[in-house]
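Asker: Pasted the sequence and its predicted model underneath.
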Amino acid sequence: MAEEEIVMTPSKRGNVTCISIEKVRKALIDESQVAHKAGGQYKGLVVKKQASDVENSSPPQLQLEFKCFLVDRKTGKNVPESRILKFWFSAETNYFDKVSSAYDFFKELIKPEQFPRDYVGFIKKVMKQMQLQQYTSTKRLDVELRPLEELEGQAPNTGTGQMETIERKTEKSKEIVVQEQLLLTLESAYPNILPTDDLAQMLNTDQRTIQEQLRVLMGRNLIKEMEPGKWVRKVLDEKTEVKIVQQMPIQSHGNKPSVAIITSKYYEKLAVDAMMENKTTFVRYKTEGESNVYTIGNIGPHKVVSTKLPQIGRQMAAQISSGNTTTRLLGIFSDVEHVFLVGVCGGVPHYTDYYNHVRLGDIILSMPNNKGQIFIYCDKKGEDKERNQVQFALKSWAPQDPLLRSIAERIYDRAHTDPSFHPWEDYIYQGQQLLKGQEVAFERPRPETDRLFMNIGGDDVIEVGHPPVPEEARFAERAGAPKIRLGAIASGKPLIQEDQLRMEFTGRHQCVGVDTEFDQVLEAIIGSRKESFICIRGVCDYYDGTKNVVWQPYSALAAAAFMRAIIERIPVQRAD
């Protein structure tokens, strides 16, 4: 093969700087147009004189856009800039290899420890990567750089610096902020009862302010005082009969639930319950210790029971509590044959591949990866020094009974062959009508709120654009409708601490979603000898389902709607 060099040609169009980087056979380089030939570690890199414009003989085969919010080290101010990468490949490269190569190129380019903060360093790194053996199929790469206007270039306040969706917030009074925090805390704890002093401590706010705002929330009919100074979230559901009980009443033979549905967030349970008919909620309140809530109703021909975990998260107490609640649920309702974990999670983006790029509002069905795992929990990470790569300590789960998986796959396959078949969208609409009186909206948020940010070290952040719809897919694109995604779901504290690590883990294990830690829930399901279970999650952020409250209600409802479509198709077991 003739020796090639990496040739860079700069040009300018208005305020857009265009850099064309191409592999050119050494013998074909026009020396009269060369401005500089690099040596040493940059040998093989050639810089041509600035051109008036660079010819585009064909449109790019892949394109990726991201916005940089880099901090000027001298002034401390953000320097916002849009950067577009355009890829051309050799003729024999198939679609999968194109998206994989472009994706790997981008991941290598934005590694936090190596990401160039200046313009020249960035171009140098792009050119050096073009020399690497793994990018042989990439023949040309254009870089377009454009400074952003003040409004579109405002840097996100991500807090943790992790990938997440950001919606610009208006300034709120202290009282409104405290009300929102109180409501969120009581919703998270529901059905548990929280004392005023605990709420003050949890929110790091004085008791007088807490008491005042609790009274405001009670006046809005959002919470109730179970005993003096002890509070619980009030469920706004006029269509459900609520019974407060000391013990769950014994269900008659024909009324015993065969399906259990486990949720972890307040709005997840509201969404699930909106899918039921003829429902009754039983609440066992305890002012000390854990309370329990069970809603029993019908979905299709099946009697179902739903519950909400009173705590979920990474603290040991929350993990033990979620496991105990699950064990108690499956002990009380011992005739349950199928278990659904329904709610929200984070999506795994694929910046170069439209077909595999998970978006907010999409529905994830837990399906086995190539090792047969549907839910993979990362307990801790280590380093394999021999292979020079990160190693993970894992636990994983998969159901023994394939029934729910096979039903979900049949629905998925039919939807792809019959464009008119998407019953879950009707169920979403019906649920939205039922939930109109709630404090939050279950409508699908505006498309511009679906933004993806990534931390690249320190205070520096980039916003990555979503891959454009390919021409051949435009006829099937249904704007505003959730796509169904099949794949494994990841979880674990190490994964939410680093964006790059999360990308590496989910890629290695074929995961399409990242969830909060349900390991104790799954252990309890397996320990209760339930062999048929499935996770159905609506994507609400690009983190782990805990960061974007704007998308949580709609995404929870989308997951609940698909759950209903599956339950309706579970065969009815006839008594002999």
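Answerer: Perfect, thanks for sending it.
Asker: Look at Ala554 and give its secondary structure.
Answerer: One thing to correct before we go on: residue 554 is Tyr, not Ala. helix (DSSP: H, G, I helix; E, B strand; the rest coil).
Asker: which regions of the stretch 151-300 of the chain lie under the pLDDT threshold?
Answerer: Within the stretch 151-300 of the chain, the stretches falling below the threshold (pLDDT under 70) are 151-171.
Asker: any chance you could map the strands in it?
Answerer: Taking DSSP state E, counting those that start in this stretch as the criterion, the stretch 151-300 of the chain carries its strands at 194-195, 223-227, 230-233, 241-244, 259-263, 277-284, 292-299.
Asker: Export the fifth one to CSV, keeping only CA atoms.
Answerer: Meaning strand 259-263. C-alpha atoms of strand 259-263 as CSV (Å, rounded to 0.1, in the frame of the first residue of the first chain):
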residue,chain,number,x,y,z
VAL,A,259,-48.9,-10.3,38.8
ALA,A,260,-46.9,-8.0,41.1
ILE,A,261,-45.6,-4.6,40.0
ILE,A,262,-42.8,-2.9,41.9
THR,A,263,-42.1,0.8,41.6
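Asker: what lines up beside it in the sheet?
Answerer: Using DSSP bridges, strand 259-263 pairs in its sheet with strand 302-308 (parallel), strand 338-347 (parallel).
Asker: pLDDT averaged over the shortest one - what is it?
Answerer: Mean per-residue pLDDT for strand 302-308: 96.
Asker: next one: it to chain centre, how far?
Answerer: Computed by CA atoms, centre = their mean, to the nearest Å, the chain-centroid distance of strand 302-308 equals 25 Å.
Asker: Run the angle between the helix or strand following it and strand 292-299 for me.
Answerer: Next helix or strand after strand 302-308 toward the C-terminus (DSSP states H and E): helix 316-332. Put simply, helix 316-332 runs at 50 degrees to strand 292-299, going by axes from the mean of the first three to the mean of the last three CA atoms, to 10 degrees.
Asker: Now tell me what touches helix 316-332 from outside.
Answerer: Contacts with helix 316-332, where a contact means CB atoms under 8 Å, 6 or more residues apart in numbering, come from 248, 260, 262, 264, 290, 292, 294, 305, 307, 309-313, 336, 339, 517-521, 523-525, 527-528, 530. The C-beta positions use only the backbone N, C-alpha and C, and glycine is treated the same way.
Asker: can you rerun that using 7 Å?
Answerer: Residues outside helix 316-332 that contact it (CB atoms under 7 Å, 6 or more residues apart in numbering) are 248, 260, 262, 290, 292, 307, 309-312, 336, 517, 520-521, 523-525, 527-528, 530.
Asker: Next, the angle from that helix to strand 277-284.
Answerer: In terms of direction (the same axes, to 10 degrees), helix 316-332 departs from strand 277-284 by 120 degrees.
Asker: Please export the alpha-carbon coordinates of helix 316-332; PDB is fine.
Answerer: Extracted in PDB, the C-alpha atoms of helix 316-332 (Å, rounded to 0.1, in the frame of the first residue of the first chain):
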ATOM      1  CA  MET A 316     -27.300   0.400  53.200                       C
ATOM      2  CA  ALA A 317     -30.500   1.100  55.000                       C
ATOM      3  CA  ALA A 318     -32.300   1.800  51.700                       C
ATOM      4  CA  GLN A 319     -31.000  -1.400  50.100                       C
ATOM      5  CA  ILE A 320     -32.100  -3.500  53.100                       C
ATOM      6  CA  SER A 321     -35.500  -1.700  53.100                       C
ATOM      7  CA  SER A 322     -36.100  -2.300  49.400                       C
ATOM      8  CA  GLY A 323     -35.200  -6.000  49.700                       C
ATOM      9  CA  ASN A 324     -37.500  -6.400  52.800                       C
ATOM     10  CA  THR A 325     -40.400  -4.700  51.100                       C
ATOM     11  CA  THR A 326     -40.100  -7.000  48.100                       C
ATOM     12  CA  THR A 327     -39.900 -10.100  50.200                       C
ATOM     13  CA  ARG A 328     -43.000  -9.000  52.200                       C
ATOM     14  CA  LEU A 329     -44.900  -8.200  49.000                       C
ATOM     15  CA  LEU A 330     -44.200 -11.700  47.500                       C
ATOM     16  CA  GLY A 331     -44.900 -13.300  50.900                       C
ATOM     17  CA  ILE A 332     -48.300 -11.700  51.400                       C
END
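Asker: looking at it, Ser11 is touching Lys48, isn't it?
Answerer: No: between Ser11 and Lys48 no contact is recorded; they are 9.8 Å apart, counting by CB atoms under 7 Å.
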